[in-house]
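Novice: predicted model follows, preceded by the sequence.
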Amino acid sequence: MRAVTVIPGVPGSLRLLDDYPEPPTEEGSILVEAVAVGICGTDLEIIEGQYGEAPPGTDHLVIGHESLGRVIEDPTGTLQPGDLVAGIVRHPDPLPCPNCAVGEWDMCRNGMFTEHGIKALPGFARQRWRLQPRFAVGLDPTLDEVGVLLEPTSVVVKAWDHIDRIGRRAEWQPRTALITGAGPIGLLAALLASQRGLSVHVLDLATEGPKPELAGALGATYHSGPLDQLDFEPDVIVECTGAPVVVLEAMCRVAPTGIVCLAGVSSGGRIIDFDAGALNRTLVLENNVVFGSVNANRRHWDAAAEALSRADRSWLGSLITRRVPLSEYASAYSPGPQDIKVVIDFTV
Ligand SMILES: [Zn+2]
């Protein structure tokens, strides 16, 4: 079968193989036919050779961690043939650490977890794959065009789950949320904020293209100026740019008792002249919290499937700015300036 692979650590090794082996039954009892695979910055880093690990005993890693497929067969009866399904990316470490031991593998403490398409497990950019029932998430059948957004949605569900948990340290009635960055993660974070009834603000550099419109369609206020010129202090900030200046301004700008969730990864290496003492003073005197969030566990994936099923299908569809057939896979990994989410379509 066909599969998109890289040799981890070797830049430019992205290939479409025609003779990749069928998924072995040890991978899981549920056999799935691929529908689509979404592409994100992690894939581009793997292709550049910065990241990624092949499964033990092999050189090639099948890429792709944002999945959507249709069940071919499930002898366990968990899902029915034809059901839409996505695969949970991370598997718990074998030790396991205290968090993995209770299913909170998104909080793995020893780094020995594995991840489909990233770390030691084959990804989903292949025509067929298999899942164990506990890593298979069923989706509403009407999500066939947009269900590939489940993985990035699970990431923002986890972020909001932890915002809630931190908020419960005291009386917590947030009213305003600012999302910095209107990429797929930022817009999905804004979707969840709007589903929670918050007054939503989205900040991004883009002044044209689909981002302002997509934020507006959620009822969010769109800002394209500097964060330090906002005329309000958000109760919650979900930072999705990873841009160092925006990260620092978010920490300084949040309302008293506010929460800043850092969900964007910085590349590092950029030095900024910054008054760390003033930031410390603000965080302490205002009881503010800044925390990082990545990945998601089963609870978040199930809640993400629920959140997507409640969302407007055409709005979700607008996040997918390009659908590329598998035969033209390489172009999917060269996002254009107007792209939000690019997917490889396995059905054409
Ligand atoms: Zn662990």
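Specialist: Good, I have the coordinates. Numbering: from 1, shown residues only.

Novice: check contacts around Thr153.
Specialist: Listed by C-beta atoms under 8 Å, 6 or more residues apart in numbering, the contact set of Thr153 reads 188, 192, 304, 307-308. The way it works is simple: take the backbone N, C-alpha and C, and place the C-beta from them, glycine included.

Novice: and this structure, what are its domain boundaries?
Specialist: What the TED database lists as the domains of the chain is 3-138+313-345, 154-292.

Novice: wasn't Val35 part of a strand?
Specialist: Yes. Val35 forms part of a strand when assessed by DSSP: H, G, I helix; E, B strand; the rest coil.

Novice: was I right to think it contacts Phe346?
Specialist: Yes. Under the criterion of C-beta atoms under 8 Å, Val35 is in contact with Phe346, at a separation of 5.9 Å.

Novice: that older thread, let me have the domains of the chain in a markdown table, adding mean neighbour count, mean pLDDT and distance to Val148 as columns.
Specialist: Listed next are those as a markdown table, based on neighbours: other C-beta atoms under 10 Å; pLDDT from 0 to 100; distance: least, C-beta to C-beta, whole Å:
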| stretch | mean neighbour count | mean pLDDT | distance to Val148 |
| --- | --- | --- | --- |
| domain 3-138+313-345 | 19 | 97 | 4 |
| domain 154-292 | 18 | 96 | 11 |
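
Novice: what about the closest residue to Asn287 other than its chain neighbours, distance to the ion?
Specialist: Setting aside the residues directly before and after it, Asn287 is nearest to Thr257 in space (C-beta to C-beta, 6 or more residues apart in numbering), at 4.9 Å. Here Thr257 is placed at a distance of 32 Å from the ion (C-beta to the ion, to the nearest Å).

Novice: who in this protein is up against the ion?
Specialist: Listed as neighbours of the ion in the chain under the rule C-beta under 5 Å from the ion: 93, 97, 100, 108.

Novice: please redo it, this time with the cut-off set to 8 Å
Specialist: Residues of the chain lying close to the ion (C-beta under 8 Å from the ion) are 92-93, 95-101, 105, 107-113.

Novice: name the residues that touch stretch 18-32?
Specialist: The contact list for stretch 18-32, computed with C-beta under 8 Å, 6+ apart, reads 1-3, 5, 62, 69-76, 78-79, 85, 87, 122, 126, 128-133, 135-136.

Novice: I should have written stretch 44-62 there, sorry.
Specialist: Residues beyond stretch 44-62 that count as contacts (C-beta under 8 Å, 6+ apart) turn out to be 3-14, 17, 20, 42, 63, 117-126, 333, 335.

Novice: now the terminal residues of that stretch, how far apart.
Specialist: Start and end residues of stretch 44-62 are separated by 13 Å (C-alpha to C-alpha, to the nearest Å).

Novice: i'd like the first residue to be 673 from this point on
Specialist: Right, with 673 as the first residue, what we last looked at is stretch 716-734.

Novice: and that stretch, how far out from the chain middle?
Specialist: A distance of 19 Å separates the centroid of the chain from that of stretch 716-734, by C-alpha atoms, centre = their mean, to the nearest Å.

Novice: go on, stretch 714-724?
Specialist: Centroid displacement of stretch 714-724 relative to its chain, using C-alpha atoms, centre = their mean, is 16 Å.

Novice: which residues touch the residue nearest to Asn959?
Specialist: Contacts for Thr929 were tallied using C-beta under 8 Å, 6+ apart; they are 842, 907, 958-960.

Novice: next: Thr852.
Specialist: Contacts were defined as C-beta under 8 Å, 6+ apart; by that measure Thr852 touches 858, 875-876, 899, 909-913, 918, 922, 936.

Novice: now those residues in a markdown table, with secondary structure?
Specialist: As requested, those are arranged in a markdown table below (three-state DSSP):
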| residue | secondary structure |
| --- | --- |
| Gly858 | helix |
| Leu875 | strand |
| Asp876 | coil |
| Leu899 | helix |
| Ile909 | strand |
| Val910 | strand |
| Glu911 | strand |
| Cys912 | coil |
| Thr913 | coil |
| Val918 | helix |
| Ala922 | helix |
| Gly936 | coil |
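
Novice: now the helices: where do they sit in the stretch 723-872 of the chain?
Specialist: All helices of the stretch 723-872 of the chain, identified by DSSP state H, counting those that start in this stretch, fall at 770-773, 822-839, 856-867.

Novice: got the contact list for the residue nearest the centre of the chain?
Specialist: The structure's the chain has its C-alpha centroid closest to Pro824; by C-alpha atoms, centre = their mean the separation is 2.6 Å. Pro824 makes contacts with 710, 712, 738, 856-857, 860, 1013, as judged by C-beta under 8 Å, 6+ apart.

Novice: do the same with Cys924
Specialist: Applying C-beta under 8 Å, 6+ apart, we find Cys924 in contact with 900, 950-951, 954.

Novice: which SSE is it in?
Specialist: Assigned by DSSP states H and E, Cys924 belongs to helix 916-925.

Novice: just the CA atoms of that helix, as CSV, please.
Specialist: Once non-C-alpha atoms are left out, helix 916-925 reads as follows in CSV (Å, rounded to 0.1, in the frame of the first residue of the first chain):
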residue,chain,number,x,y,z
PRO,A,916,8.5,35.5,22.2
VAL,A,917,7.2,39.1,22.3
VAL,A,918,3.6,38.0,22.3
VAL,A,919,4.3,35.4,25.0
LEU,A,920,5.8,38.1,27.3
GLU,A,921,3.0,40.6,26.5
ALA,A,922,0.4,38.0,27.3
MET,A,923,1.9,37.3,30.7
CYS,A,924,1.9,41.1,31.5
ARG,A,925,-1.5,41.8,30.1
